[in-house]
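S.K.: below are the sequence and a predicted model for it; my questions follow.
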Amino acid sequence: MTSPLRVALVGYGFAGRVFHAPLIAGVEGMQLSSIVSSRTGAVHADWPEVTVHPDLSGVLADPAIDLVVLATPNTLHASQAHAALDAAKHVVVDKPFTVTVPEAEAVVAHAERAGRVVSVFQNRRWDADFLTLRRLIAEGALGEVTYFESRFDRFRPVVRDRWRERAGPGAGLWFDLGPHLVDQALQLFGPPSDVVADHAIQRAGAETDDYFHVVLRYARLRVVLHASTLVAANDLRFAVHGTRGSYVKHGVDSQEDALKAGTRPGGEGWGRDASPGVLTLADGARMHRREVAGEPGDYRRYYEAVGDVIAGRGVNPVPASEALAVMRIIAP
């Protein structure tokens, strides 16, 4: 019987607690062995069998750990990735990889020298609505896509006291949600010819951007990536128009809310989309509309693919070239 891949999670804030820990534990062949956190009680309340280390050094000194997952503030990603690679560990880094392109390039080069896998956690490639949209575009259902709008709006008028909302490198809404939207766009359409970006601070007391409207420009296609924290009617997710028709989707993927509620992934109905998108196809002057049932989403597929590539089979789900392409738009 093959030994499980032993994983250490670094950081037990929102990303580590809500996303990474349950997803890792939910993948066959992976074992969540260690968590680096100062919140020992909180970790053991959720994962009583896991070893808790107060800092990264304990994990790096453990020869049994195969994979280190970094769910820490963005400014720590590069230094912690280098430390893990120096200790001969494979590395998963939560988006946005690093704070600058040179930092990201240095981590990629280090992984190549060390002969270790480095991958960036882009879980929203496995959103139900994105999988559905990707299939429709691949099938040519919309014809040539000429306009693609991807929105991730929220209504959070009160600034919260957390590192993502404090002034500093790697903070702000663009570094938080931008990597998801950029990565999805690049997966569908490849690199743009140029980028036009508008960022703003709109809330009273905010220290970093809480609004962005970014346009990726292609020959005929325009891709609009938009997010704001002051949108009360915030359920539009995708609006996509092409030479044969349109696809409009309201509501976000259900997996994040399920994970926040403490639901472990993999149960009945996991990843099902309760809000089907609407496909409108032109037949001459007539328009035909129908709901499109979503493909089931499952964020665990990211970690399944990571396990496969470390085992020497399959491919990196987010390889260096794709991670760097996102960084070059996020932090040009």
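M.R.: Looks like it arrived, so ask away. Values in this document were obtained by computation on a predicted structure and should not be read as measured data. Numbering: from 1, shown residues only.
S.K.: neighbours around the residue lying closest to residue 127 once chain neighbours are set aside, how many?
M.R.: Take residue 127 and drop its neighbours on the chain: the residue closest to it by C-beta to C-beta, 6 or more residues apart in numbering is residue 253, 3.9 Å away. All C-beta atoms are positioned from the backbone trio N, CA, C, and that covers glycine. Using other C-beta atoms under 10 Å, residue 253 has 23 neighbouring residues.
S.K.: with residue 285 instead?
M.R.: Other residues within reach of residue 285, judged by other C-beta under 10 Å, total 5.
S.K.: roughly how far apart are it and residue 143?
M.R.: Residue 285 sits 17 Å away from residue 143, going by C-beta to C-beta, to the nearest Å.
S.K.: quick one, helices of the stretch 101-250 of the chain?
M.R.: Assigned by DSSP state H, counting those that start in this stretch, the stretch 101-250 of the chain shows helices spanning 101-114, 128-139, 173-189.
S.K.: buried set for the longest one?
M.R.: Just to be clear, that refers to helix 173-189. Within helix 173-189, the residues scored as buried using 16 or more other C-beta atoms under 10 Å are 173-188.
S.K.: relative to residue 91, how far out is residue 200?
M.R.: Look at residue 200 and residue 91: by C-beta to C-beta, they are 34 Å apart.
S.K.: ok, now which ones touch residue 282?
M.R.: Applying C-beta atoms under 8 Å, 6 or more residues apart in numbering, one finds that residue 282 lies in contact with 244-245, 288.
S.K.: are we agreed that it is in a helix?
M.R.: No. Read with DSSP: H, G, I helix; E, B strand; the rest coil, residue 282 is strand and lies in no helix.
S.K.: of the helices of the stretch 101-250 of the chain, which is nearest residue 270?
M.R.: Nearest to residue 270 among the helices of the stretch 101-250 of the chain is helix 128-139 (10.2 Å), distances taken as C-beta to C-beta.
S.K.: returning to what we had before: can you redo the contacts of residue 282 as TSV with distance to residue 156 and neighbour count?
M.R.: Output for the contacts of residue 282, formatted as TSV (distance: C-beta to C-beta, whole Å; neighbours: other C-beta atoms under 10 Å):
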residue	distance to residue 156	neighbour count
244	37	15
245	34	19
288	38	10
